[in-house]
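> generate a structure from the sequence data that follows.
(chains A, B, C and D)
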4 protein chains.
Amino acid sequence: MTDTASQASHYYAGLDIGGSTVKSALVDSHGQSTGAMTEVKSHVKDGYKATFGQLQKSLEELAKMANIQVSDIKGVGLDVPAPNCDGVVWTRANLGDDWVGTNIRDELTKVLGIPAYMTNDGNAAALGEYAVRPDYDGGILLVAPGTGLGGGLVLPGGKIYEGSNGLALEVGHISVPHREDDGELPACSCGWKGCAEAWVSLVALRRRVGLELAKDQWKDHPLNTDDLTIIEKAFKLRDYAEDGDELAINIFRQQGQILGYALGDLVRVFDPGMVVIGGGLAETSENFRNSYMGWIQEGFIERAWPAYRHSPLDPEHVTTHFEWAKGGDYSAALGMGFVAKDMFGNLSWNRAYPDFKD
Amino acid sequence: MTDTASQASHYYAGLDIGGSTVKSALVDSHGQSTGAMTEVKSHVKDGYKATFGQLQKSLEELAKMANIQVSDIKGVGLDVPAPNCDGVVWTRANLGDDWVGTNIRDELTKVLGIPAYMTNDGNAAALGEYAVRPDYDGGILLVAPGTGLGGGLVLPGGKIYEGSNGLALEVGHISVPHREDDGELPACSCGWKGCAEAWVSLVALRRRVGLELAKDQWKDHPLNTDDLTIIEKAFKLRDYAEDGDELAINIFRQQGQILGYALGDLVRVFDPGMVVIGGGLAETSENFRNSYMGWIQEGFIERAWPAYRHSPLDPEHVTTHFEWAKGGDYSAALGMGFVAKDMFGNLSWNRAYPDFKD
Amino acid sequence: MTDTASQASHYYAGLDIGGSTVKSALVDSHGQSTGAMTEVKSHVKDGYKATFGQLQKSLEELAKMANIQVSDIKGVGLDVPAPNCDGVVWTRANLGDDWVGTNIRDELTKVLGIPAYMTNDGNAAALGEYAVRPDYDGGILLVAPGTGLGGGLVLPGGKIYEGSNGLALEVGHISVPHREDDGELPACSCGWKGCAEAWVSLVALRRRVGLELAKDQWKDHPLNTDDLTIIEKAFKLRDYAEDGDELAINIFRQQGQILGYALGDLVRVFDPGMVVIGGGLAETSENFRNSYMGWIQEGFIERAWPAYRHSPLDPEHVTTHFEWAKGGDYSAALGMGFVAKDMFGNLSWNRAYPDFKD
Amino acid sequence: MTDTASQASHYYAGLDIGGSTVKSALVDSHGQSTGAMTEVKSHVKDGYKATFGQLQKSLEELAKMANIQVSDIKGVGLDVPAPNCDGVVWTRANLGDDWVGTNIRDELTKVLGIPAYMTNDGNAAALGEYAVRPDYDGGILLVAPGTGLGGGLVLPGGKIYEGSNGLALEVGHISVPHREDDGELPACSCGWKGCAEAWVSLVALRRRVGLELAKDQWKDHPLNTDDLTIIEKAFKLRDYAEDGDELAINIFRQQGQILGYALGDLVRVFDPGMVVIGGGLAETSENFRNSYMGWIQEGFIERAWPAYRHSPLDPEHVTTHFEWAKGGDYSAALGMGFVAKDMFGNLSWNRAYPDFKD
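Prediction:
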């Protein structure tokens, strides 16, 4: 009663398309990782057809690693680094021109002959954090400070929250009432004013560093004497902070507090049960992360009612858990594979047996 | 605040592939018929690519009728007149050679660029009966005597029951213990013996007519004097029965009773709540249908415990309802459209608005 | 083959518990209204057991109206006017003392012998708006200015979004950066500062009226000469606005604009597809509602990117629809009945037939 | 950030009510066993209230074992050894009189204050086999020869198939065309004739033993000389078979072949992917089980088309797997706990965190 099951095997692939590479991962009919993962160039600037070639190459590599046929892959989940709705990219971002306005999802379905599901990279990252916590099936709100401030929300059970037009979870662009010394809401790179991202992002950090170093107080600070661009100074700031430099710590404290304040508003409307902090901060030293999480808590407490921290009836019952991101490089790809299985795993009843070992 | 919604409209098509034609129907994002239906040649003998051309033509006609774009169709459900599993036809039936062994579902997905779901014609017919009963959401067991004895089962809520290999609901080939006058179980066209279809089908009817007319009792029966083939005689039998001819009635009574007996076993394992009788019988005169339903009941009562007719606690609570099929020519296509919507309606969150009328 | 179905009928009740009355409604096994609705005193101040008596009375009245047995009701959905989590009320609000800390849901289940689902009144109101739009199955974000600023979110398909602790959708308490003339964020009745509710609510209106009337500009305004309390003045303000009074219009314009601004942030994270404005404003004259909706749009445009109004690829494709609430007095009860059916409708397979009319 | 979670913990109990004892098991919010299991007397003859007392005792013991509160148990699944529909037992079986006609499910819900789901013991046993195969999520058809011939069907994903009136899967009472030496269909204890159970059950074995021992061929067989009742002889038959006795082997071979034949019909309509053989046979020696499985296969091959054994396109792809039951004494209870979690696990969003270990 052996079963080679060459014909009925069901696998699903997650394809995480980034600006420079595509990371991909293969999951089985239970949505679990098969261990097969691979990374290839994405060629996104060369038009979507160039990328599609790389996606096909990825599927071939995954199939080879897992010792299956490409035709055993019954669905794919892909994410792209741009807002998209119903398979259509709405904004160019860093992609080649022809990505916008084309139904990428349907074109890929045509090329591969298997159904595809598509979302944006913030959602995929949140799904990745969900996928790497197999014992948890509650909600997850991910916020990831990086060049900007991205994020995503996974509902209990592993569904992503995308909104009606794929435009939900623009967590970086909710308002905070904080003002610059001149009393103004700071301009955000989105063109609006007063967004959280105008305080919590690499772009914001550069503005902040420039403004602070111009102050008399810091005229002797080494960063003022270094012959560095503002971009280089912003990059060096974290090292200063890890070494206990007062200026650097002041700047990160303010950033963390404002992130916590914004999270107060986000938790007030989402009540996700768990907030995961991603982005580059998740890879700093444990010591720095502990300090930073403390600043987030200071801001959070300033904005969120006590009930968002613990139950009024039982102080030991934590209502919002905070964690650092722990998904590795392939977590978004795994998350998209999980979604593909969830979405297309019922194309036939006989989805289960081949993975079953006697 | 008008909404032309040209871009986000979501429709689903059902494609009912028969031996000679493809009937197709378009449903909206609520799974409701749009009214657009069309029929084209199926060209199944010319290979599946010939049929794919006809399917594309069908989608174009449906889109034109409904004043939408083909790209607004977000998924298709198709049924083929042959056993199939996970997109692959297992047995040639009346199809061209290249249908067998190919993943028809995935090939069609590649051609259309939208995901497809595929099942067999018995399942589609059962879904059709479900689709034409919008106020009912319980289970339906369809049995349809025709050339053979086909059927299908719809679960409450509208899911089809296909089994692990697409081989479920071979209702025509369950055993009945009835024997011929020689004490043998009759041979069935499937190669096995004692199947219900060996008694309840057009093929069975021909054998029965031949056996009966050879008896001395009917030597003066007009069918014995007619210069007709056995096939023609079998076809004429229904007219005789409608006119009260004793031989014809005897034959149909036996057929109906054995069908009822087989339904006793099927209801015992499925307890579907509703049995729908389809096939050509559903189009006979009301008078004949009433007689035939009575014979079915006689056989059913012989086999099914009283609880399968009414609750032991409340005699007025009917446990198994019997109805005649009422789906028209396009009901299987509508059923497949409904399934496509159910399966692919969640490819994006924003599935709802375009059909909403202010 | 008649079916009195006295035994297997399945119905579900929605129980909308308010400060003074309980409104209830009965839905059938398809989640559709049966037409049976009733209202009784809620007696919430007298302890939850007093209210439970009223709920039982409500079920008896509903059953009588629909000519069914109380035992045909297979589940209830109830909402209470206080935050609650997993059946337990967390904050007293206007309820009697013993409501807090008790598992109201489980206690009611014990009394009725059928399962109960419980949520808060904002969620129920949102479900009500969903229930009265049978042709729409997308998401709905409800915001309802009243004494405070409440709301709720229904996901596509009719699931309510409650959050991990039942504390989601506190839409009235997200930040807006608007400041008083003194440069301060206004205090909110929740004890925090800068909440939207501090600008958009009856409480906020009273503060606003007091501040404005103290200004020299309005010293001759009739409201300054009337011998009315501030509460009475606030109530009269809408009549003044409907008559074109400049002060009143200024105040409501600011309120509407800030509500629109807050909605900009909410839509940015929820992208619900539809925003419904409820509360007392929904019952003002069409003329005033048109003006008010215009002010909301002015604020919304100031905060939300253009993509949240229409697709960048198709200006006619509206991405966020705005509507006034249209649910009547029993819409929350109907919404809770719908939820109860959704939640408990699968307690047995045989849920469907009794409502099916031959 | 510790979380005692005393308040929000979610557990579910399975209660397997047998003729003499209640076996119960506790599962967590992921449907996984907590390890807590207990067995108490069932007192079913003393009326259902006596049994309810034992169920409450069981829940208390489970809670104590798992170090939780009884109030942390958010739903129960129970099975009773009698046909039941929508909470109402239809046939007395071995239960006390007052079990019939009462809505046991709703009464228990009233006593416990948490929702209950109820099904019969055959379904529970099938769920148990599903629960003990965590790596498998396809369908399972269980047939369990014992005093009678019971069974159940689990759909892929773990839903039980109950039918519209809870009367599905009476697998013991489908027809087989086999006849006694006198040419008659044997009488079944259900009152009908020709059921599979009339050949495959302990009751059938007794008849068979009596008929065979009366034959001249076996007049010197030790069982004919033993001073034993026919019941005792039937019980001893398995030992004889294990020792290679020709009569015993003949009888079991016929039984196994007819069981296989009946499975041919069942697989033809259910195509479950996996058939599990339970009952006492599952506990015989490996040697005897191997022989018996061979006889089942002989009967199965006689009735089921080759496609029900392996794919016509790939002989190595097995279409119907046969396994022996491997669930232990508590598997039905675990299965019912799994069902309770599946059914009631969404009573609140916050179902997940308490089981999550940092």
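> now the helices: where do they sit in the stretch 201-350 of chain A?
Secondary structure of the stretch 201-350 of chain A (DSSP state H, counting those that start in this stretch): helices located at A:202-213, A:222-225, A:230-242, A:246-270, A:286-303, A:331-344.
> I meant to write the stretch 51-200 of chain A there.
Going by DSSP H, counting those that start in this stretch, the stretch 51-200 of chain A shows helices at A:104-112, A:121-131.
> does the shortest one come close to chain B?
This means helix A:104-112. Yes - counting by Cβ under 8 Å from any Cβ of the partner chain, chain B is contacted by helix A:104-112 at A:105, A:106, A:107, A:109, A:110, A:111, A:112. Yep, even glycine has a C-beta here, placed from its N, CA and C like the rest.
> next, the contact list for the first one, please.
Going back to what we said before, that points to residue A:105. A:78, A:86, A:87, A:88, A:116, A:117, A:118, B:347 (Cβ atoms under 8 Å, 6 or more residues apart in numbering or on different chains).
> can you name the residue of the stretch 1-150 of chain A nearest to chain D?
Scanning the stretch 1-150 of chain A for the residue nearest chain D gives residue A:138, at 3.3 Å (criterion: Cβ to the nearest Cβ).
> do I have it right that that residue meets residue C:164?
Yes - in this structure residue A:138 lies within contact range of residue C:164 using Cβ atoms under 8 Å: 5.8 Å.
> looking at those two, which is more packed in?
Between residue A:138 and residue C:164, counted using other Cβ atoms under 10 Å in any protein chain shown, the more crowded position is residue C:164 (28 against 24).
> flag the shaky bits of chain A, pLDDT-wise.
Applying pLDDT under 70 to chain A picks out residues A:1-8, A:349-358.
> please, where are all the strands along it?
A:11-17, A:21-27, A:33-41, A:73-80, A:84-85, A:88-89, A:116-120, A:140-145, A:149-154, A:274-277, A:310-311, A:314-318, A:321-324 (DSSP state E).
> looking at those strands, which is nearest to residue D:65?
With Cβ to Cβ as the criterion, residue D:65 lies closest to strand A:314-318 of the strands of chain A, at 22.4 Å.
> near chain D, anything from the closest one?
Yes - part of strand A:314-318 sits near chain D under the criterion Cβ under 8 Å from any Cβ, namely A:314, A:316, A:317, A:318.
> does any part of that strand sit near chain C?
No - using Cβ under 8 Å from any Cβ, we find that strand A:314-318 stays clear of chain C, coming within 8.7 Å at best.
> what do you get for stretch A:132-144?
Yes - Stretch A:132-144 is in contact with chain C by Cβ under 8 Å from any Cβ, via A:138, A:139.
> what's the answer for stretch A:40-50, then?
No - Stretch A:40-50 lies out of reach of chain C by Cβ under 8 Å from any Cβ, never closer than 15.6 Å.
> which residues are in contact with that stretch?
A:17-22, A:24, A:51, A:53-54, A:57-58, A:61, A:94-99, A:102, A:104, A:107.
> now, of the helices of the stretch 51-200 of chain A, which is deepest in the fold?
helix A:121-131 (a mean of 28; mean count of other Cβ atoms under 10 Å in any protein chain shown).
> from the contact counts, what lies against it?
strand A:11-17, strand A:73-80, strand A:140-145, strand A:149-154, helix A:331-344 (3 or more Cβ pairs under 8 Å, 6 or more residues apart in numbering or on different chains; DSSP states H and E).
> CA-only coordinates of it in CSV, if you can.
Extracted in CSV, the C-alpha atoms of helix A:121-131 (Å, rounded to 0.1, in the frame of the first residue of the first chain):
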residue,chain,number,x,y,z
ASP,A,121,4.7,43.3,0.9
GLY,A,122,3.4,44.7,4.3
ASN,A,123,0.7,42.1,4.4
ALA,A,124,3.2,39.4,3.4
ALA,A,125,5.5,40.3,6.2
ALA,A,126,2.7,40.2,8.7
LEU,A,127,1.7,36.7,7.4
GLY,A,128,5.3,35.7,7.8
GLU,A,129,5.2,36.6,11.4
TYR,A,130,2.1,34.6,11.7
ALA,A,131,3.6,31.6,9.9
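> can you tell me what sits against that helix?
With Cβ under 8 Å, 6+ apart as the criterion, helix A:121-131 contacts A:14, A:16, A:18, A:79-81, A:136, A:140-142, A:144, A:150-154, A:158, A:160-162, A:169, A:276, A:278, A:325-327, A:330-336, A:338-339.
> and the angle from it to strand A:21-27?
40 degrees (axes from the mean of the first three to the mean of the last three Cα atoms, to 10 degrees).
> now helix A:121-131 and strand A:149-154, what's the angle there?
Using the same axes, to 10 degrees: helix A:121-131 against strand A:149-154 is 50 degrees.
> which single residue in the stretch 201-350 of chain A comes nearest to chain C?
Counting by Cβ to the nearest Cβ, the stretch 201-350 of chain A gets nearest chain C through residue A:271, at 2.5 Å.
> and the residue lying closest to residue A:293 once chain neighbours are set aside, how many neighbours?
Nearest residue to residue A:293 in three dimensions, chain neighbours excluded: residue A:322, at 6.5 Å (Cβ to Cβ, 6 or more residues apart in numbering or on different chains). By other Cβ under 10 Å, the residues close to residue A:322 number 18.
> still on that earlier bit, now the strands of chain A in CSV, with distance to residue A:176?
Listed next are those as CSV, based on distance: least, Cβ to Cβ, whole Å:
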stretch, distance to residue A:176
strand A:11-17, 30
strand A:21-27, 33
strand A:33-41, 37
strand A:73-80, 28
strand A:84-85, 27
strand A:88-89, 29
strand A:116-120, 23
strand A:140-145, 13
strand A:149-154, 11
strand A:274-277, 16
strand A:310-311, 24
strand A:314-318, 24
strand A:321-324, 18
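> can you tell me which of those strands is most buried?
strand A:11-17 comes out most buried of the strands of chain A by mean count of other Cβ under 10 Å, with a mean of 30.
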